[in-house]
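*Asks:* Please work out how this folds:
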Amino acid sequence: MYNPRNGRRERLTNIYQMNGGKHNAIWEISAGDIAALGGVKDVATGDTLCDETHPIVLESIPFPEPVIAMVVEARHSRDLDKLKEALQYLEEEDPSFKAGEDKESGQLLIHGMGELHLEVMSHRLLSDFNVEVNLGRPQVNYKERFTQTIAFEHEFVREVGDHLYARLRFELGPADQDFLESADFQTGRVRVQWAEPAADGSLKPEYLEAVRRGFESMWHVGPLAGLEMHSFKVRVRGWQTSAESNELAFELCAREGYRAAAPQCAPILVEPVMSVEATCPDEYTGGIMSDLNRRRGIPMGLEPRVNHSVIRAHVPLSELFGYAGQVRNLSSGRALASITFSHYAAVPEGEARGCWSGGEDNYYSSLRECC
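*Replies:* Below you'll find the predicted structure:
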């Protein structure tokens, strides 16, 4: 078979039909069948395998960004290297799962789509890789977002060492809805919407690319608490050069300009909101709906069925820790609930301020520790 993504051939040794814990060897699979392939070496989730004489790439599966993180540590120090290798394997297998070291604390973090997702991964570390781990307290992936677009002008001058000069006029603000609905943004490949420059005249392509690099390098530096930006849009309106201008000057000008302009774009804190679907007998509907309301849930529909109902709501992820157990308690074990990521929404000011103790002056400075 041929893999168009990397231009390599894969020799399949077997095709298996999975049946619970058993796998039965079969000779062929047809459209719509699900099977396991043996012998593949360099294949990732979303790849298309085809005939080399008739190459084709089918649409890949879009995977959203992880919305929750936990600290993970090996229970025995001797398993640390083994743990990192296992996490790397799980990342390759599941694109919605990420692992990495926090630059500030040095702790190893795993990121996923929910509390249950990360618990399943921790069980796999033990069952598949024989690595015992401890998990820390869940952490919600809060982000920052602009709500206003402003025009700004920034001049960069450096007279110590190499003399550098650049001047930029640009607009900075929230991204367009079309960009937020694009596949590149939904999968996390792009965070910054780059609008075509609207200035008269021309700037050297290498200078323009340096400006773009400068802005795109700032997506992880929010103006409120240094959290990652959810998204933002940049449009260059004008520039000024001199004999001391070069790529570095324009890249640094873009970075400094972002830092100066971002606080004026009315930034807010946003949180992941999950889509909750609870199926329960009719006699427990009222209790489950009341519990969702208490968790800042927004009702999205109630669908009556025979002897039971399906409740749909949007609920902030921060309110859903331990929710599966609570649903079982409220329904005497007769209700089921599924939780999937929906979107990011603004955090109510009262909820954000309730994350810590301290005075009004500590509001923004404490956000990062809270999140």
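*Asks:* where does the stretch 151-300 of the chain have low pLDDT?
*Replies:* For the stretch 151-300 of the chain, the stretches flagged by pLDDT under 70 are 160, 198-201.
*Asks:* And what about L90, helix, strand or coil?
*Replies:* Following DSSP: H, G, I helix; E, B strand; the rest coil, L90 is assigned to helix.
*Asks:* hang on, isn't it packed against A99?
*Replies:* Yes. Using CB atoms under 8 Å, L90 is in contact with A99, at 7.3 Å. The way it works is simple: take the backbone N, C-alpha and C, and place the C-beta from them, glycine included.
*Asks:* helix/strand/coil for S245?
*Replies:* Classified using three-state DSSP, S245 is coil.
*Asks:* Distance check, it against L172.
*Replies:* Using CB to CB, to the nearest Å, one obtains 21 Å as the distance from S245 to L172.
*Asks:* Most distant residue from the centre of the chain?
*Replies:* The outermost residue of the chain, judged against the average C-alpha position, is A243 (42.1 Å), by CA atoms, centre = their mean.
*Asks:* pull the CA atoms of the host helix or strand of L126 into CSV?
*Replies:* Using DSSP states H and E, L126 maps to helix 115-129. Output of helix 115-129 as CSV, limited to C-alpha atoms (Å, rounded to 0.1, in the frame of the first residue of the first chain):
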residue,chain,number,x,y,z
GLU,A,115,-11.7,14.0,32.9
LEU,A,116,-12.8,10.5,31.7
HIS,A,117,-10.4,10.7,28.7
LEU,A,118,-7.4,11.3,30.9
GLU,A,119,-8.5,8.6,33.4
VAL,A,120,-8.7,6.1,30.5
MET,A,121,-5.2,7.1,29.4
SER,A,122,-3.8,6.6,32.9
HIS,A,123,-5.4,3.1,33.0
ARG,A,124,-3.8,2.3,29.6
LEU,A,125,-0.4,3.3,30.9
LEU,A,126,-0.8,0.5,33.5
SER,A,127,-2.5,-2.1,31.4
ASP,A,128,-0.6,-1.6,28.1
PHE,A,129,2.8,-0.4,29.3
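*Asks:* Pull out the buried positions in it.
*Replies:* Across helix 115-129, burial judged by 16 or more other CB atoms under 10 Å covers 115, 117-118, 121-122, 124-125, 129.
*Asks:* got a list of what the spatially most central residue of the chain touches?
*Replies:* Residue closest to the mean C-alpha point of the chain, counted by CA atoms, centre = their mean, is E65 at 2.4 Å. The contact partners of E65, by CB atoms under 8 Å, 6 or more residues apart in numbering, come to 141, 187-188.
*Asks:* I'd like these written out as a markdown table, with secondary structure, distance to P316 and neighbour count added.
*Replies:* Formatted as a markdown table, the contacts of E65 follow (DSSP: H, G, I helix; E, B strand; the rest coil; distance: CB to CB, whole Å; neighbours: other CB atoms under 10 Å):
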| residue | secondary structure | distance to P316 | neighbour count |
| --- | --- | --- | --- |
| N141 | coil | 12 | 17 |
| T187 | coil | 23 | 17 |
| G188 | coil | 20 | 14 |
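*Asks:* Please produce CSV containing those residues, extended by distance to S30.
*Replies:* Output for the contacts of E65, formatted as CSV (distance: CB to CB, whole Å):
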residue, distance to S30
N141, 41
T187, 29
G188, 34
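*Asks:* Out of those residues, flag the one nearest to Q326.
*Replies:* Relative to Q326, the closest of the contacts of E65 is N141; by CB to CB it sits at 22.4 Å.
*Asks:* gap between the closest residue to the closest one other than its chain neighbours and P138?
*Replies:* Closest residue in space to N141, ignoring its immediate chain neighbours: V67 at 5.2 Å, by CB to CB, 6 or more residues apart in numbering. Using CB to CB, V67 is found at 10 Å from P138.
*Asks:* Which one's more surrounded, those two?
*Replies:* V67 (23 against 19; other CB atoms under 10 Å).
*Asks:* quick one: the residue nearest to the centre of the chain from S96, how far?
*Replies:* From E65 over to S96 the distance is 8 Å, taken as CB to CB.
*Asks:* what do you get for F250?
*Replies:* Counting by CB to CB, the gap from F250 to S96 is 36 Å.
*Asks:* Who has more neighbours out of the two?
*Replies:* Taking other CB under 10 Å, F250 and S96 do not tie; F250 has more neighbours (30 against 19).
*Asks:* got a list of what the closest residue in space to Y165 that isn't next to it in sequence touches?
*Replies:* Leaving aside its chain neighbours, Y165 sits nearest to E244 (4.2 Å; criterion: CB to CB, 6+ apart). Neighbour list for E244: 163-165 [criterion: CB under 8 Å, 6+ apart].
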